[in-house]
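Undergrad: With the sequence up front, the predicted model follows.
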Amino acid sequence: MVLNFSLVNHMPAPSQSHFLPFGEAFFKLQYLKHDLVDHTPEAESDEEIEHLTDDQVNIDLKYLRSLDSQDWKNQDHYRVLGIPHLRIKASIKDIKKAYKVMVLKCHPDKSSSDTKVNEEAFTCITKAYEQLYTIEGKRSYDSVDPQFDDDVPNVTEYNKQNFYEVFGPVIDQNSQWSLTKNVPRLGSDTDTIDTVNDFYNFWYNFKSWREYSYLDEEERKNAECKEERRYIDKINKTERQKKKKEEVARLHQLINNCYACDPRIKRFDEERKKRKLELKQAKQEAYRKEQEALKLQKEEEERIKREAEEQRAKEEKEKAEAEKKERQKQNKLLKNERKKLRDNVKGQNYFSQNNDNIVRAMENLELLALNLSLDEMKQLNSSSSDIRKFEEEYTSTLKSYLDQQENKTKENLIKAKQSQDESKEQNLKLDKFTSPDIALLVKAVKIFPPGTVNRWNTIADYLNQHSTITKSYESNDIIAKVKQLQSKEGDVLRSRINEEAYENLQRSQKQRIDGVKAGGGISSKDTLNSALKDDVPAATKKKEPWTSEEQKLLEEALRKFPQSIGPSRWDDIAKHVGSRTKKDCMRRYKELVDLVKAKKK
């Protein structure tokens, strides 16, 4: 048998399709991707699992017969349905099964057993089922379940010592409110720091589904109009937000107390401090070793430097000793050559033909012996065997030395004369300043202070313009004179100028007095202003200090004539004092006031 395979249809080319982000599958994928909890009954896998059997439904007849249908919101719905042991763990199927069992056994019309209840109790069973058979209703009641303990353990020594036994169950109970799955548990003492940090990060950012709509005081369905429903919604929303805020604060307080009692945090802090201390000690040790190395290096450098200094000092000392020995050797040779030269010249009677010139020849010999070098004297003494040649060389050397000394003396005289001429020229330049010109210079220096553009040229122009004697001042002359006035020599010059000015003043006053006496009036040389100054009354020229009697009279006048008198006050005070004018009294009063103010400061 031969099989013949052939393609009936070709596969279509791949294509790209676009799907809109909605639908059951899309939302399930998002919940799985982001680890979220779906609030729809279809997504609640735990709510669909059945945990209950018929025998596990516990009918509490005593409790049921004590209920009031009007107060159904305050009843325990799980106890009413006979499943108080399941409570929040009960699924929707468990709720439905429990209700079915309760209806079969407790319905007032259908049941004939001992579990039959009245209409009032059965109404409460129905209310409990209506509250719990939906996800929203069940979570609304579970959020305010009276059996749940909202207490937060405090920070005590006992709780710290029994941390896992105290806080473990509380954390597990509160984890039922989490929106996300896989809630981290408290753990154990062997957890790493990363695990503990993940735990506290999760709980500090805890997202709870717990809400408080079950505790609404006003029911929306009882509203009669739209405005009333809005008002009721507003009130209920405010209360829910308030309770939600309190719940968030409770959870934060729980985690804060847990963190404060957690022995792992204390251990981690101690380990961190220990690592920090070890790191610090390691740094200190490294720094110590570095400093020791630097110290050793510095000591080594100082040792090398010290040895180099000692070696240099030793070499210098050896060099100085060698130079000293060489000097002593040269001095000894020089001394021998000098002695030899003296003996040779003395043996020839100093090459003097006349005894009168022997002293002069001896002086020349000493000058030559003291100023000739060793080589020159050796060369000169080497020819001492030949008397004629020795005399010629000695005479020639002596003449050359004397000529050289004479030339030096002439040069020094010329330099001294030039320096003297320059000094005289400078003194002449400075001496051309007369007393009036010096006064003008002082005035110009005050008029044109430092900072003035071309100050010294400006002062020179000012003196040339106002001087009656010299008209050729330059800036260099001004600068030199100012320096002279600022020196000690200037103090003497200023004293002399002041004396001359005082003598000129006395002379002019005497001339005016003589002119008045001779002519019977004011001299023709006096101006109107000087005459007016002489005619001022003696009282206005009085500059003597105030006596104690005048001071006493002034104080009496100040008390006697107060300011309320008016403009005539100071006239009256001056009359009372008698020996002082109005201006003197006012000036004295001002001085006293300034004195008092200065003492207060």
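TA: Thanks, I have the structure now.
Undergrad: what's the span of stretch 561-575, first residue to last?
TA: 11 Å (CA to CA, to the nearest Å).
Undergrad: Kindly apply the preceding question to stretch 350-362 instead.
TA: 7 Å.
Undergrad: pull the longest helix from the protein.
TA: helix 263-347 (DSSP state H).
Undergrad: Go ahead and name everything in contact with stretch 143-152.
TA: Applying CB atoms under 8 Å, 6 or more residues apart in numbering, the contact partners of stretch 143-152 are 76, 84, 87-88, 170, 173, 177, 210-212, 214-215, 250, 253-254, 257. The C-beta positions use only the backbone N, C-alpha and C, and glycine is treated the same way.
Undergrad: Give me the buried subset of the residues you listed.
TA: Among the contacts of stretch 143-152, those classed as buried by 16 or more other CB atoms under 10 Å are 76, 84, 87-88, 170, 177, 210-212, 254, 257.
Undergrad: would CSV of those with secondary structure and pLDDT be doable?
TA: Below are these laid out as CSV (DSSP: H, G, I helix; E, B strand; the rest coil; pLDDT from 0 to 100):
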residue, secondary structure, pLDDT
Asp76, coil, 92
Pro84, coil, 91
Arg87, helix, 89
Ile88, helix, 89
Val170, helix, 94
Trp177, helix, 93
Arg210, coil, 93
Glu211, coil, 91
Tyr212, coil, 91
Leu254, helix, 94
Asn257, helix, 94
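Undergrad: could you dump the residues you listed to a markdown table with distance to Glu391?
TA: A markdown table is the format used below for the buried ones among the contacts of stretch 143-152 (distance: CB to CB, whole Å):
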| residue | distance to Glu391 |
| --- | --- |
| Asp76 | 158 |
| Pro84 | 157 |
| Arg87 | 152 |
| Ile88 | 148 |
| Val170 | 137 |
| Trp177 | 140 |
| Arg210 | 142 |
| Glu211 | 144 |
| Tyr212 | 146 |
| Leu254 | 133 |
| Asn257 | 129 |
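Undergrad: Run a quick neighbour tally on the nearest residue to Thr156 once chain neighbours are set aside.
TA: Spatial nearest neighbour of Thr156, excluding adjacent residues (CB to CB, 6 or more residues apart in numbering): Cys261 at 8.0 Å. With neighbours defined by other CB atoms under 10 Å, the count for Cys261 comes to 22.
Undergrad: Kindly report the same for the one 10 residues further on.
TA: Using other CB under 10 Å, the number of residues around Glu271 comes to 11.
Undergrad: Does Ile358 touch Ser352 like I think?
TA: Yes. The pair Ile358 / Ser352 is scored as a contact, 5.2 Å apart, by CB atoms under 8 Å.
Undergrad: ok, the two, which is more surrounded?
TA: Ser352 (16 against 12).
Undergrad: before we move on, which element is Ala598 in?
TA: Secondary structure assigned from DSSP states H and E places Ala598 in helix 582-600.
Undergrad: all helices in the stretch 51-200 of the chain, in order from the N-terminus.
TA: For the stretch 51-200 of the chain, the helices defined by DSSP state H, counting those that start in this stretch cover 61-65, 77-80, 92-106, 119-132, 135-142, 157-161, 163-174, 193-204.
Undergrad: and the second one, what does it pack onto?
TA: Contact analysis of helix 77-80 by 3 or more CB pairs under 8 Å, 6 or more residues apart in numbering; DSSP states H and E lists helix 61-65, helix 119-132 as its packing neighbours.
Undergrad: Name the surrounding residues that touch the longest one.
TA: Contacts with helix 119-132, where a contact means CB under 8 Å, 6+ apart, come from 64-65, 67-69, 72, 75, 77-78, 80-81, 90, 95, 99, 102-103, 106-108, 117, 137-138, 140-141.
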